[in-house]
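Undergrad: no sequence for this one, just the structure:
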């Protein structure tokens, strides 16, 4: 009760300070924004409580087992699933309402958005993993590396044994498969394994700390990249780091995309700072510019040693440098060779220091065994296979999968090459090129998971401003955020999913009816900013793009 009281007091102090931070919102808007913030925080609290019964809890070493109050949700799983689903929908709707204060004429201040992000984040930090059991694969693969075995050759079952505490919590689909992750991530996991041993709870919490480091880097880099593109930092932070998918899947789900994206975005910002120091057409690199470029290259390469797709950022940084050096073939070769050599050197150092080498390059297709309906090439193949069965032609799904997925990869290669060329010619900002390239990669990837959408949404949030993009990003977030919560790490009977979905729908509709006049479900009247004691206080204006901006954002 003392901890709950302290948390409530902290929230009250945050709210009391709203007027002292120079908020551009008027009084009515601040009240609506506060209520929206609390509505979303209530949702994440419900998610955290419901996760005690509906989350991806470990098979053994479950800390709630035998504890009367904490073990109650696991005995009423349908109720727990209803709580997590309701909480996720509440948080998603609160984020949508918060958009009125991030995209409208009167934007909230950066500190107000930061407070909202922190408040929504805190309840999920100690909650069990949700929506995925991937973290248990992380633990098992890291333990294999700790024992001196090669996680790129053996899976959890042959490496640790079927009765190991980590293997028992790994989904059966992945118990025999080697690790598809880069050596840097498994090296970090190996260090966690050394610290925590076989303590599954401590290891999970340590991996969540790694996620927080990644989220911190995302929050640091996104507004800085947005400033380069002339996008308001609050708008970029709302659509990117404050996105419900980040809370649901990176923080609650404990996915290593957080570290990958954080390192990639921070590295891109440092590299572009280095390129800023290069005078157009000049081959001279000042010492500070060289240092920034090296730091950026190292960080981007490190991100690729978590998951490979982030290496695309290196290509766009290289093309931006080549353009600044004059946009000639000589500049292209010089930028590609210099940055490529440094990147390969960093990969070699990580592979050597971790003792894991380059074996990860041969396990990148491990996840392709999953037939994800979110992947258009896979969905087309599955549909075609079913049509063949209905027509009596036999099941040729596997053959069609190979064809559609191959076509998808070819399209990705062509589109990324075109985007790189556009950056090389100075027609496209590298941040925009990176976001579009990652978006195409996600769309045409053989396997697409809900959290993969963040690969594209976060960098594009710092660049794209047209309503078409923002509307599409918001729509995808709402669909995945509202209809995706039942895709949990635990198994539920169909009747439980149906009951929980219907109950959540009723609860949310009741909440909307109750709060219809208190929350900004409808557009707020535009009364202008609160004048305050010193006269009118205009809202913050979008910053002008830095001189290195290439083309206008879409």
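TA: Looks like it came in fine. Treat the numbers as computed from the prediction; the structure is a model and nothing was measured.
Undergrad: okay, CA-based contacts and neighbour counts for the rest of this
TA: OK.
Undergrad: please work out the average pLDDT along whichever strand or helix holds residue 35.
TA: Take DSSP states H and E as the rule and residue 35 turns out to sit in helix 27-54. In this model, helix 27-54 has a mean pLDDT of 89.
Undergrad: and it, what does it pack onto?
TA: Contacts defined by 3 or more C-alpha pairs under 8 Å, 6 or more residues apart in numbering; DSSP states H and E place helix 27-54 against helix 68-75, helix 77-98, helix 110-121.
Undergrad: got a list of what the nearest residue to residue 441 once chain neighbours are set aside touches?
TA: Leaving aside its sequence neighbours, residue 441 sits nearest to residue 412 (C-alpha to C-alpha, 6 or more residues apart in numbering; 6.0 Å). By C-alpha atoms under 8 Å, 6 or more residues apart in numbering, the contact list for residue 412 reads 437, 440, 441, 444.
Undergrad: and of these, the nearest to residue 199?
TA: residue 441 (36.8 Å; C-alpha to C-alpha).
Undergrad: could the helices and strands packed on helix 27-54 go into CSV alongside mean neighbour count?
TA: Below are those laid out as CSV (neighbours: other C-alpha atoms under 10 Å):
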stretch, mean neighbour count
helix 68-75, 15
helix 77-98, 26
helix 110-121, 19
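Undergrad: show the backbone phi and psi for residue 175.
TA: Note on residue 175: backbone dihedrals following degrees, to the nearest 10 are phi -70, psi -20.
Undergrad: what about residue 318, helix or strand, and which?
TA: Per DSSP H and E, residue 318 falls inside helix 312-324.
Undergrad: following that helix, which helix or strand shows up next?
TA: Next helix or strand after helix 312-324 toward the C-terminus (DSSP H and E): helix 329-354.
Undergrad: what about that following helix, distance to the chain center?
TA: Centroid separation between helix 329-354 and its chain, computed with C-alpha atoms, centre = their mean, to the nearest Å, is 26 Å.
Undergrad: list the buried ones in the helix or strand just after that helix?
TA: Next helix or strand after helix 329-354 toward the C-terminus (DSSP H and E): helix 376-390. Residues of helix 376-390 classed as buried by neighbour count (16 or more other C-alpha atoms under 10 Å): 376, 377, 378, 379, 380, 381, 382, 384, 385, 386, 387.
Undergrad: report pLDDT for the fourth one.
TA: Yep, that's residue 379 we're talking about. So residue 379 comes in at 76 (pLDDT).
Undergrad: what do you get for the first one?
TA: Predicted confidence (pLDDT) for residue 376: 76.
Undergrad: ok, the closest residue to it other than its chain neighbours - contacts?
TA: Leaving aside its chain neighbours, residue 376 sits nearest to residue 444 (6.4 Å; criterion: C-alpha to C-alpha, 6+ apart). By C-alpha under 8 Å, 6+ apart, the residues touching residue 444 are 375, 376, 377, 405, 408, 409, 411, 412.
Undergrad: what's the helix or strand for the last one?
TA: If I follow you right, that is residue 412. Residue 412 belongs to helix 397-424, assigned by DSSP H and E.
Undergrad: check residue 179 too.
TA: Assigned by DSSP H and E, residue 179 belongs to no helix or strand.
Undergrad: hang on, the earlier thing: and the helix holding residue 412 with helix 329-354, angle?
TA: When axes from the mean of the first three to the mean of the last three C-alpha atoms, to 10 degrees is applied, the directions of helix 397-424 and helix 329-354 differ by 120 degrees.
Undergrad: list the buried residues in helix 397-424.
TA: Applying 16+ other C-alpha under 10 Å to helix 397-424 flags 397, 400-401, 404-406, 408-409, 412, 415-416, 419-424 as buried.
Undergrad: same check, this time on stretch 44-62
TA: 44-58.
Undergrad: cool, and stretch 458-468?
TA: Those would be 458, 459, 460, 461, 462, 463, 464, 465, for stretch 458-468 by 16+ other C-alpha under 10 Å.
Undergrad: helix, strand or coil for the residue in the chain sticking out farthest from the centre?
TA: Ranked by distance from the centre of the chain (C-alpha atoms, centre = their mean), the top residue is residue 392, with 42.8 Å. Look at residue 392: counting by DSSP: H, G, I helix; E, B strand; the rest coil, its state is coil.
Undergrad: state the distance from it to residue 198.
TA: From residue 392 across to residue 198, the span is 52 Å (C-alpha to C-alpha, to the nearest Å).
Undergrad: now residue 294
TA: Using C-alpha to C-alpha, residue 294 is found at 38 Å from residue 198.
Undergrad: and residue 41, by the same measure?
TA: Distance from residue 41 to residue 198, by C-alpha to C-alpha: 33 Å.
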